[in-house]
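Asks: below is the structure, and that's it, no one-letter string:
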């Protein structure tokens, strides 16, 4: 199962990069910033499932750097650079980080329960 999550994670990373660097019109009934936040929250969740033994804060830091890299590269692909997009990416990462962290704590507590 973990292998499947790794494939899904790396596919999602590649798809995110591909669509971020292309001039594509996507019609989704949500704001641009919420799309960024959701995309990076999903990437964070997939990273946590694909690499459960990795340090979660390191994955969050790497994904935030990935978001910043995308914003840096976009002007070279006729896209606009917007630091607020990176902030939205990072907010999505932090929200997912908090959820995954809490879930891991609850699972560990359940495993250590005397019942």
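Replies: Cool, got the structure. What you see is a predicted model; the values in this text were computed from it and never measured.

Asks: tell me the contacts of residue 7?
Replies: Residues in contact with residue 7 (C-beta atoms under 8 Å, 6 or more residues apart in numbering): none are found. All C-beta spots, glycine's among them, are computed from the backbone N, C-alpha and C.

Asks: what residues sit buried inside whichever strand or helix holds it?
Replies: Residue 7 belongs to helix 2-20 when assigned by DSSP states H and E. For helix 2-20, a neighbour-count test (16 or more other C-beta atoms under 10 Å) marks 5, 9, 12, 16, 20 as buried.

Asks: please apply the same query to stretch 60-70.
Replies: Those would be 60, 63-64, 66-67, 70, for stretch 60-70 by 16+ other C-beta under 10 Å.

Asks: swap in stretch 45-52?
Replies: Using 16+ other C-beta under 10 Å as the test for burial, stretch 45-52 gives 45-51.

Asks: mind checking pLDDT for residue 114?
Replies: We have a pLDDT of 63 for residue 114.

Asks: next one: the longest helix anywhere in the chain to chain centre, how far?
Replies: Longest helix of the chain, by residue count under DSSP state H: helix 83-111. Centroid displacement of helix 83-111 relative to its chain, using C-alpha atoms, centre = their mean, to the nearest Å, is 10 Å.
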